[in-house]
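> Need a 3D model of the sequence below.
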Amino acid sequence: MAHINANLGNYDPDTGFDPIPPGDYVVEITDSDVKNSKNGNLMAVFEFEVLGPSHAGRKLWDQFVLENEVGMRRLKGMLIAAGHPSPDFLGDTEEVHGKSLAVKVKVEQKDNFDPRNRISSYKAAGGAPAAQPKPQSQPAAGPARQPSQPTLSNQAATAGAAGPPPWAKPAA
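All right, here's what the predicted structure looks like:
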C-alpha cells in the first residue's frame, strides 16, 4: 500500500472525454499527420490545444480530405487563419505547428456514438476573420519550386492517383 495523503477537496473531478461546450476558442496547432481515411482517401489530420478563454489544455482534432474540393477549401481556410505565409501551397503540415488561431467548436451527436467536438470554422486569433491573400496577377519569375521532401501534393500522386487529382481545376 502506498500512503500519499492527497487532499483533493479543492479540485473538481476530471470529466474525461466529455466534449467542451460549443463556442469560440483560441487554439494552437500542436501536431499533424497525413494518413488514409476509412475509404482510402488521403487526408491531413491536425491536433489543436485549447489556449482559452476556457478549457485550456484540452485537445481538439480536425481532418481534411485532400482528394476533394471541400477538404481543400477548409484546409486553405485554416492556413489563412493561422497566418501561413503562402496558403496556396502547403509543403509540409509541420509548417503550421505552433501557430495560434481561433476556432468555432460545435458538439456533434451521431447515432450510437457519444457526443464529440467538431471544428466548424477558423478565423485569425485576433477575432476578426483572416484576410484572404490577394491573388497575384503575374506568376513569379524564377525556377519552379522543387520540394526537397514529400509534400501533400506529391504524396497524393504517389498514393495511386492517376492523372490530376479530383479537386484540381481543369486547364483553361
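
> drop to CA atoms for contacts and neighbour counts, all remaining ones
Will do.

> From the centroid of the chain, which residue is nearest?
Centroid-nearest residue in the chain, with Cα atoms, centre = their mean: Phe46, separated by 4.2 Å.

> Look up which residues are beta-bridged to it.
Assessed by DSSP bridges, Phe46 has beta-bridge partners Ser32, Asp62.

> measure it to Asn117 for me?
14 Å (Cα to Cα, to the nearest Å).

> In the chain, what residue spans correspond to helices?
Secondary structure of the chain (DSSP state H): helices located at 69-81, 152-158.

> Give the other helices and strands that the longest one contacts.
What that stands for is helix 69-81. Helices and strands touching helix 69-81, by 3 or more Cα pairs under 8 Å, 6 or more residues apart in numbering; DSSP states H and E, are strand 59-65, strand 116-123.

> picking that back up, worst mean pLDDT among the helices of the chain?
Of all the helices of the chain, mean pLDDT reaches its minimum on helix 152-158 (a mean of 45).

> what's the closest of the helices and strands packed on helix 69-81 to Ala81?
Shortest distance between Ala81 and those, using Cα to Cα, is found for strand 116-123: 4.6 Å.

> remind me which residues of the protein are low pLDDT?
For the chain, applying pLDDT under 70 flags the ranges 1, 14-16, 127-172.

> coming back round to it: can I get the helices and strands packed on helix 69-81 in CSV including mean neighbour count and distance to His97?
Formatted as CSV, these follow (neighbours: other Cα atoms under 10 Å; distance: least, Cα to Cα, whole Å):
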stretch, mean neighbour count, distance to His97
strand 59-65, 18, 13
strand 116-123, 18, 16
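
> Among these, which comes closest to Gly91?
Closest approach to Gly91 among the helices and strands packed on helix 69-81 is made by strand 59-65 (15.0 Å; Cα to Cα).

> so what's the residue nearest to the centre of the chain up against?
By Cα atoms under 8 Å, 6 or more residues apart in numbering, the contact list for Phe46 reads 29-33, 61-63.

> that older thread, dump the helices and strands packed on helix 69-81 into JSON lines; add distance to Asn10 as well.
Shown next, in JSON lines, are those (distance: least, Cα to Cα, whole Å):
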{"stretch": "strand 59-65", "distance to Asn10": "24"}
{"stretch": "strand 116-123", "distance to Asn10": "28"}
